[in-house]
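K.L.:
fold the following, please.
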Amino acid sequence: SRLMGCAREPHVCDLARFLNMCGARISGIGGSCLEVKGVTGLRGCEFVLSGDMIEAGTYLIMGAATGGRVTVDGVCVDELRSLLDVFDRMGIEYTCDDVGVSVLGKGGMHGCVVETGVYPGFPTDLQPQVAALMGISKGKSAIREVVYGEHRFGYLEGLKKFGMDAEAVGNRIEITGRECFLPCKCDAVDLRGGAALVTAALCARGESRVGRGKYIERGYSFFSKKLCALGADVSELVQ
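P.N.:
Predicted coordinates:
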């Protein structure tokens, strides 16, 4: 069988490699066309998953937004190139080594324009978090969402409650940065948008409350504990 138009994200490639180790016959891994040859059965195996580039990117964005120093290990730097390119254009300092990436949290961020795309383009799953980052960067920014269009902007009303100056026009968000966010109460409407709201809450001066935490925690393991380990004052996300 031949599968056309396949996603090329690292976790998709991991799945195909895992299945091959179990005895499957899948070729074309990493491309948009996969060829699958049937087998009579699969066997067990041991397989080590690669780091989640979206989870890693979220914590790096949070570090940049708060002016903190955050290191994420166990992730392939090449998988984060599109995010690091955005960091370069926003003036965010970072370092890379063989095991991960560190943001240096020196501030002085400025706006830029980002367009989402299929891998290895900028991931739509980091678009809401970057929007929050742009909300506290100097000058104007814009995001063009070409993967899901305006349907991916449900989180925007929540960010506006934090004081973010942004408007959506079609599949584009126009953002004017401000110095800081204001604390507020809001609800997550989806996974990545919820992570964007937490990013804004970490930047706000005061206590914020993000409801419907179940949306967020289904995509981030031990989310609150990891944020606390990084120095954030976070209790369990409100369900």
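K.L.:
hmm, Gly108 is touching Ala64, no?
P.N.:
No - under the criterion of CB atoms under 8 Å, Gly108 makes no contact with Ala64, lying 10.7 Å away. Heads up, the C-betas are built off the backbone N, CA and C, glycines and all.
K.L.:
quick one, which of those two is more surrounded?
P.N.:
Taking neighbours as other CB atoms under 10 Å, Gly108 and Ala64 compare with Ala64 leading, 30 against 11.
K.L.:
sec struct for the more buried one, please.
P.N.:
Secondary structure assignment for Ala64 (DSSP: H, G, I helix; E, B strand; the rest coil): helix.
K.L.:
my guess is it contacts Ala132. True?
P.N.:
No - using CB under 8 Å, Ala64 is not in contact with Ala132, being 10.4 Å away.
K.L.:
which elements pack onto the lowest-mean-pLDDT helix or strand in the chain?
P.N.:
Ranking every helix and strand in the chain by mean pLDDT, DSSP states H and E puts helix 214-217 at the bottom, with a mean of 92. Helix 214-217 sits against helix 191-203, with contacts defined as 3 or more CB pairs under 8 Å, 6 or more residues apart in numbering; DSSP states H and E.
K.L.:
before we move on, the earlier item: starting at the chain centroid, how far to the least confident helix or strand of the chain?
P.N.:
14 Å (CA atoms, centre = their mean, to the nearest Å).
K.L.:
quick one: name whatever helix or strand follows it.
P.N.:
For helix 214-217, the following helix or strand on the C-terminal side (DSSP states H and E) is helix 223-229.
K.L.:
buried set for that next one?
P.N.:
223-224, 227 (16 or more other CB atoms under 10 Å).
K.L.:
quick check: beta-bridge partners of Arg25?
P.N.:
Lys37 (DSSP bridges).
K.L.:
let the chain start at 45 from now.
P.N.:
OK, 45 is where the count begins now, so the last one is Arg69.
K.L.:
any idea how far it is from Gly82?
P.N.:
Arg69 sits 8 Å away from Gly82, going by CB to CB, to the nearest Å.
K.L.:
overlap in contacts of the two?
P.N.:
Common neighbours of Arg69 and Gly82 are not found (criterion: CB atoms under 8 Å, 6 or more residues apart in numbering).
K.L.:
quick one, which of the two is more surrounded?
P.N.:
Per other CB under 10 Å, whichever of Arg69 and Gly82 has more neighbours is Arg69, with 11 against 7.
K.L.:
need phi/psi at the nearest residue to Gly112 once chain neighbours are set aside.
P.N.:
Nearest non-adjacent residue to Gly112, counting by CB to CB, 6 or more residues apart in numbering: Gly149, 4.5 Å away. Dihedral pair for Gly149: phi 60, psi 40, per degrees, to the nearest 10.
K.L.:
just the helices in the chain please.
P.N.:
54-65, 97-110, 125-134, 171-178, 200-205, 235-247, 258-261, 267-273 (DSSP state H).
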